[in-house]
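In: Predicted coordinates and the sequence they were generated for:
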Amino acid sequence: MSLAIPAAWIRVALLMFAVGWGANQFSPMLIVYRHELGLGPGEIAGLFAIYAATLIPGLLLGGALSDRVGRRACVLPFAALSPLATLLLILGPHDLALIAAGRALAGLCSGMVFGPATAWVLDLSAGDAVSARRAALALSAGFGLGPVVAALLAQWAGDPLVVPYLPHLALGAAALAVGLTAPASPRPARAQPVISSRAASDAAPSGADLAGGQARTDPADGAGQSAGRPAAPPAPLRTRAFWLGVAPAAPFVFGTASLAIVVLPEEVTSAQSLSAGYAGLMTALAFGAGVGIQPFARRLAGRSPHGGIIAGLGCAAAGAAVSIAAVAQVSRPLAGVAAVLLGLGYGLSLVSGLHQAERLAGPRDRGAVVACYYVLAYLGFAMPYVADVLNAPLGKPGTFALLAAAAVILAGLSWLRGSRIARAGQAAVKADRTTWAAAARRGGRPEVRTAARPRSGA
């Protein structure tokens, strides 16, 4: 294989790594702000909410926009703004308004970069499970190393409100310089016809190999949509394959990570003894495990699309179960074991979910589909708030027990639905290919039928 191809996707992956670093370096700094500025729980929650308030719109806008104007036009400007968001945090270490502005800009940059950049990496890659792992690895490495380095510098370097942010300024500038040389995504081939309502709604990712390995794409969606025509969600986002096969487990991606790096450190330490260094250690354990499992997750996703999600949910359930003992005994070693298990769940779920989203999407709507998946995955960052609400009626061990049970139930449902949908999808795809071939022999085109709207509770 020519070295030019991997060199291309690596340049884009470096941008994802740098923006991910800048997005998550703030996590251990919340502890520093709590101690140094005397911030209360409401102010800490507000800083997180500001980030989420700009992240979600950025994801929704960036993915669809990149399908229309190109990946470079979306990614590069906001990759350049990411270090500026960090600069705001440096310029106003004691100014809550500047800190909030920095977090808001960081959230917008993350949203506008993560979806389009993931699609860009997939465009420049081989189009199999390896491409999903490349994007997941770049994002996970940034998410993991950013807070670890920030925590170490905050714990042992001088000026804990400024020094931890300096590495991201250099990294962001270097990544942008490299990313500017990345080639644009190849122009997609003419879109394949949409498969029938049954196939579009029932086919699982494992059955999405329709024509030359390309998943279904609606010619009316994505690039080339006529001006003035109302934008419709891409065809894959109107299928049960996405909403029942991919979406339910997506919040567990960052839900498991947030349990490991936010909830557990607080549950096994007191507010006075919780340090940025310990938070950094828990982050290193969780994201280290998440990155380490991704090669296996890639192979598992290639063999069994639903298998990776089931394995990820299983690790999430095991991590929550160990967390019960860690919280009950206030044990830091057990919390570390739980962080590793939760990190494994994060890595397996992220790679498998991205792989399924990629298989469902075509090149013309890949950005929007991946961005929608990230939106669902980012809902998991609300897990600390969910845990806090559940602690009152259930107690801390009861909260983790409920989360473990939810993961087990979802894993079982995913296994059952995966088996049924795979069989139905293969039959439906075969029927649609037959219809298309018959129409082609007649010299015409079969009627293009859009995907049925998912039925509630289906």
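Out: In hand now; what should we look at?
In: residue contacts, Ile31?
Out: Contacts for Ile31 were tallied using C-beta atoms under 8 Å, 6 or more residues apart in numbering; they are 154, 274-276, 279. C-beta: built from backbone N, CA, C; applies to glycine.
In: What is the most widely separated pair among those residues?
Out: Taking C-beta to C-beta, the two most distant members of the contacts of Ile31 are Ala154 and Leu274; they sit 12.5 Å apart.
In: These two: who's more crowded?
Out: Ala154 (28 against 17; other C-beta atoms under 10 Å).
In: Beyond the helix or strand harbouring that one, next helix or strand please.
Out: Using DSSP states H and E, Ala154 maps to helix 129-156. Next helix or strand after helix 129-156 toward the C-terminus (DSSP H and E): helix 166-179.
In: Check which helices and strands that following helix is in contact with.
Out: Taking 3 or more C-beta pairs under 8 Å, 6 or more residues apart in numbering; DSSP states H and E as contact, the helices and strands that helix 166-179 lies on are helix 4-24, helix 71-91, helix 129-156.
In: closest one to Leu171 among the ones you listed?
Out: Nearest to Leu171 among the helices and strands packed on helix 166-179 is helix 4-24 (5.0 Å), distances taken as C-beta to C-beta.
In: Wait, a strand at Ala182?
Out: No. Read with DSSP: H, G, I helix; E, B strand; the rest coil, Ala182 is coil and lies in no strand.
In: just checking, it touches Val12?
Out: Yes. Judged on C-beta atoms under 8 Å, Ala182 makes contact with Val12 at a distance of 5.1 Å.
In: ok, these two, which is more surrounded?
Out: When Ala182 and Val12 are compared for neighbours, Val12 comes out ahead with 33 against 24, by other C-beta under 10 Å.
In: where are the low-confidence patches of the stretch 101-250 of the chain?
Out: Along the stretch 101-250 of the chain, segments meeting pLDDT under 70 span 126-129, 187-232.
In: no no, the stretch 251-400 of the chain
Out: In the stretch 251-400 of the chain, residues with pLDDT under 70: 271-274.
In: try 90 this time
Out: Along the stretch 251-400 of the chain, the model assigns pLDDT under 90 to residues 262-263, 265-280, 294-295, 297-308, 330, 354-368, 381-392, 395-397.
In: shared neighbours, Ala182 and Val12?
Out: With C-beta under 8 Å, 6+ apart as the test, Ala182 and Val12 both reach 120, 124.
In: that older thread, turn the helices and strands packed on helix 166-179 into a markdown table, columns for distance to Phe114.
Out: Converted to a markdown table, the helices and strands packed on helix 166-179 look like this (distance: least, C-beta to C-beta, whole Å):
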| stretch | distance to Phe114 |
| --- | --- |
| helix 4-24 | 7 |
| helix 71-91 | 9 |
| helix 129-156 | 7 |
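In: out of those helices, nearest to Ala368?
Out: Closest approach to Ala368 among the helices and strands packed on helix 166-179 (C-beta to C-beta): helix 71-91, 11.6 Å.
In: angle of that closest one against helix 166-179?
Out: Helix 71-91 and helix 166-179 are oriented at 160 degrees to each other (axes from the mean of the first three to the mean of the last three C-alpha atoms, to 10 degrees).
In: what is the orientation angle of the next helix or strand after helix 71-91 with helix 129-156?
Out: Reading on from helix 71-91 to the C-terminus, the next helix or strand found by DSSP H and E is helix 96-124. Helix 96-124 and helix 129-156 meet at an angle of 150 degrees, taking the same axes, to 10 degrees as the criterion.
In: tell me the angle of helix 96-124 relative to helix 4-24?
Out: Taking the same axes, to 10 degrees, helix 96-124 and helix 4-24 form an angle of 160 degrees between their directions.
In: Of all the residues in helix 96-124, which ones are buried?
Out: Neighbour-count burial for helix 96-124 flags 98-124 (criterion: 16 or more other C-beta atoms under 10 Å).
In: check contacts around Ala135.
Out: 13, 16, 117-118, 121-122, 354.
In: Thought Ala371 was touching Pro234, still the case?
Out: No. Between Pro234 and Ala371 there is no contact under C-beta under 8 Å: 10.2 Å.
In: Where do the helices of the stretch 251-400 of the chain begin and end?
Out: 251-258, 264-267, 276-292, 294-303, 305-329, 332-360, 366-378, 383-442 (DSSP state H, counting those that start in this stretch).
In: Nearest to Leu55, out of those?
Out: Going by C-beta to C-beta, the one of the helices of the stretch 251-400 of the chain nearest Leu55 is helix 366-378, 6.4 Å.
In: for that closest one, the distance to its chain's centre please.
Out: 7 Å (C-alpha atoms, centre = their mean, to the nearest Å).
In: what's the angle from that helix to helix 251-258?
Out: Going by the same axes, to 10 degrees, helix 366-378 makes 50 degrees with helix 251-258.
In: so what does helix 366-378 touch, helix or strand wise?
Out: helix 41-69, helix 96-124, helix 251-258, helix 332-360.
In: run the last query once more with 10 Å
Out: Under the contact criterion of 3 or more C-beta pairs under 10 Å, 6 or more residues apart in numbering; DSSP states H and E, helix 366-378 touches helix 41-69, helix 71-91, helix 96-124, helix 129-156, helix 240-245, helix 251-258, helix 332-360.
In: okay if I get those as CSV plus distance to Gly20?
Out: Formatted as CSV, the helices and strands packed on helix 366-378 follow (distance: least, C-beta to C-beta, whole Å):
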stretch, distance to Gly20
helix 41-69, 12
helix 71-91, 9
helix 96-124, 8
helix 129-156, 3
helix 240-245, 24
helix 251-258, 12
helix 332-360, 12
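In: Tell me which of the helices of the stretch 251-400 of the chain approaches Val163 most closely.
Out: Of all these, helix 276-292 comes closest under C-beta to C-beta, at 11.7 Å.
In: elements contacting the closest one?
Out: Going by 3+ C-beta pairs under 10 Å, 6+ apart, helix 276-292 lies up against helix 26-37, helix 129-156, helix 251-258, helix 264-267, helix 305-329, helix 332-360.
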